[in-house]
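Need coordinates for the following:
(one chain, ligands or ions: 1)
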Amino acid sequence: MKKLLITGGAGFIGSNFVRHVVQKSPDYQVTVLDKLTYAGNLTNLDGVLDGARVRFVQGDICDPAIVDPLVREHDAVVNFAAETHVDRSLLNPGAFVQTDVFGTYVLLEACRRAGGTRMVQVSTDEVYGDVPPGTQSLETDRLNPRSPYSASKGGGDLQCLGFFHTYQVPVSITRAANTVGPFQYPEKLVPLMSTNAILGLPLPVYGDGQQVRDWLHASDHCAAIDLVLHRGTPGEVYNVGVGYERPNVEVVELILTELGAPRSLIRHVADRQGHDRRYSLDCQKVRALGWSPTYTFERCIRETARWYAEHRPWWEAIRARVDFQSYYRQNYEHRLQPAAPPA
Ligand SMILES: NC(=O)c1ccc[n+]([C@@H]2O[C@H](COP(=O)([O-])OP(=O)(O)OC[C@H]3O[C@@H](n4cnc5c(N)ncnc54)[C@H](O)[C@@H]3O)[C@@H](O)[C@H]2O)c1
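Numbers count the residues shown, from 1 in each chain. Here you go, the predicted model:
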């Protein structure tokens, strides 16, 4: 396999994956197809986008006129393109259905028409919904998405399975845990808290902060996707997690420690609607393929927080944009208002 189409490759994990491929597989050619939504950023590809080994096409995965010829020119597709932020899905669910469900269908249909192009669909542990303490999600578990984001991702996953069983499109799915690392748009928990801490702003922690997530470094996530692309079985789903289950507030405290910022910056604010309490993955299947994580929990969070401290111009440019500021105001301004005194 030599030619990879990486959709959503100007986003967070996609751009890390492009770097991973460039370093690990020097004989590969990569095309990044990305719409450049608010979350897409060509500077994420600085140093790798050379127009030869790695070239860029701006376009929408929902548009068959762009997708079909590109898929025909490539040996495999790895789909990172998605609307990805749960809070935004509460404000504008339609965009999520459009890209995460319909866009996935357009890619699958192009793979089918091209004669059965290999595809990996990058999905999330959130499709399993809230997981009670003491249990873990298996790949065969019923999907139980509880936000417009996870419902849309679940819809994309089901399209993949439908295209595999009906048309034998050789697609595999990865469902990974919360991922952190360089180039994550600063609306997500770790970059938001890191950049707010650096700026001395309050850190809005939803509810009691006891929502439990597993924490995966982008480089470990990319290695798992690469493995599934090359050694995964078509039609199969692979959970990707580490087992570092920690409450959100503990993650925030570790960021503050790493950045030398005071704990007094934490503000517990009104919780996210429908906020899942816990995700937890059984990952024996991807480990049996040969994957194992390289990051400890502490290193994963601390190194990421440090990256934001050392890359201020990257995120300051994003935070200065109107789209970031209007989203931040819409989601957090009312939550951060001081409570009215009792009447
Ligand atoms: N970040 C996580 O913690 C995490 C965990 C598990 C799975 N995932 C999945 O990994 C994938 C990548 O996530 P991310 O965090 O890098 O997201 P991101 O929001 O940083 O990047 C998404 C990219 O997709 C592009 N895009 C959006 N709509 C598009 C469209 N219609 N056509 C073409 N490009 C489009 C954006 O411009 C952006 O570059 C997503 O599918 C997400 O569901 C993310």
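
Which residue, other than its chain neighbours, is closest to Gly129?
Asn144 (3.4 Å; CB to CB, 6 or more residues apart in numbering). (Each C-beta comes from the backbone N, C-alpha and C, glycine too.)

Distance of the one you found relative to Asp75?
According to CB to CB, to the nearest Å, Asn144 and Asp75 sit 35 Å apart.

ok, now which ones touch Ile6?
Applying CB atoms under 8 Å, 6 or more residues apart in numbering, we find Ile6 in contact with 14, 17-18, 21, 30-33, 77-78, 80.

go again using 6 Å as the cut-off
14, 18, 30, 32, 78 (CB atoms under 6 Å, 6 or more residues apart in numbering).

Confirm that it sits in a helix.
No. Using DSSP: H, G, I helix; E, B strand; the rest coil, the secondary structure at Ile6 is strand, not a helix.

Might you enumerate the residues of the protein proximal to the ligand?
Applying CB under 6 Å from any ligand atom, we find that the chain lies next to the ligand at 7-8, 10-14, 34-37, 39-40, 60-62, 80-84, 99, 103, 122, 124, 153, 176, 178-179, 185.

try 5 Å this time
8, 10-13, 34-35, 37, 39-40, 60-61, 80-82, 84, 99, 103, 122, 124, 176, 178-179 (CB under 5 Å from any ligand atom).

Looking at those residues, which are in helices?
Using DSSP state H, the subset of the residues of the chain next to the ligand located in helices is 12-13.

Run a quick neighbour tally on the residue of the stretch 1-150 of the chain found nearest the ligand.
Relative to the ligand, the nearest point of the stretch 1-150 of the chain is Gly11 (2.0 Å; CB to the nearest ligand atom). Gly11 has 26 neighbouring residues, counting by other CB atoms under 10 Å.

In the chain, where is pLDDT below threshold?
Residues of the chain that meet the criterion pLDDT under 70 lie in 1, 339-343.

what's near enough to touch Ile80?
Small correction: residue 80 is Phe, not Ile. Contacts of Phe80 (CB under 6 Å, 6+ apart): 8, 13-14, 122.

Separate out the buried members of these.
8, 13-14, 122 (16 or more other CB atoms under 10 Å).

quick one, helices of the stretch 101-250 of the chain?
104-113, 148-167, 189-199, 218-231, 248-259 (DSSP state H, counting those that start in this stretch).

Output those helices in a markdown table, with mean neighbour count and distance to Arg267 appended to each entry.
Output for these, formatted as a markdown table (neighbours: other CB atoms under 10 Å; distance: least, CB to CB, whole Å):
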| stretch | mean neighbour count | distance to Arg267 |
| --- | --- | --- |
| helix 104-113 | 23 | 37 |
| helix 148-167 | 21 | 24 |
| helix 189-199 | 23 | 10 |
| helix 218-231 | 21 | 28 |
| helix 248-259 | 20 | 11 |
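
just so I know, which of the ones you listed lies nearest Gln273?
helix 148-167 (10.2 Å; CB to CB).

Now name the helix or strand holding Phe96.
Applying DSSP states H and E as the criterion places Phe96 in helix 93-96.

Can you tell me what sits against that helix?
Against helix 93-96 from outside (CB under 6 Å, 6+ apart): 83, 89, 148-149, 152.

try 8 Å this time
If you take CB under 8 Å, 6+ apart as the criterion, helix 93-96 is touched by 82-83, 88-89, 148-149, 151-152.

the strands in this structure, which residues?
3-7, 29-34, 54-58, 76-79, 118-124, 171-176, 178-180, 203-206, 212-217, 237-240, 245-247, 266-269 (DSSP state E).

Can you report how many residues lie near the nearest residue to Leu229 once chain neighbours are set aside?
Leaving aside its chain neighbours, Leu229 sits nearest to Val120 (5.0 Å; criterion: CB to CB, 6+ apart). Neighbourhood size, Val120 [other CB under 10 Å]: 27.

again with the one 3 residues further on
Neighbours of Ser123 under the rule other CB under 10 Å: 25.

who's in contact with Phe297?
215, 242, 244, 246.

Looking at the residues you listed, state which has the most neighbours.
Trp215 (26 neighbours).

That residue against Arg299, yeah?
No. With contact defined as CB atoms under 8 Å, Trp215 does not count as touching Arg299 (10.4 Å).

So Ile173 versus Trp315, what's the distance?
To Trp315, Ile173 is 31 Å away according to CB to CB.

the more surrounded of those two?
For Ile173 versus Trp315, neighbours defined as other CB under 10 Å are more numerous around Ile173 (26 against 22).

Tell me if I'm right that that one and Cys160 touch.
Yes. Using CB under 8 Å, Ile173 is in contact with Cys160, at 5.5 Å.

Now do the shared contacts for those two.
Shared contacts of Ile173 and Cys160, counting by CB under 8 Å, 6+ apart, come down to Gln121.

Pull the contacting residues for Gln168.
116, 234.
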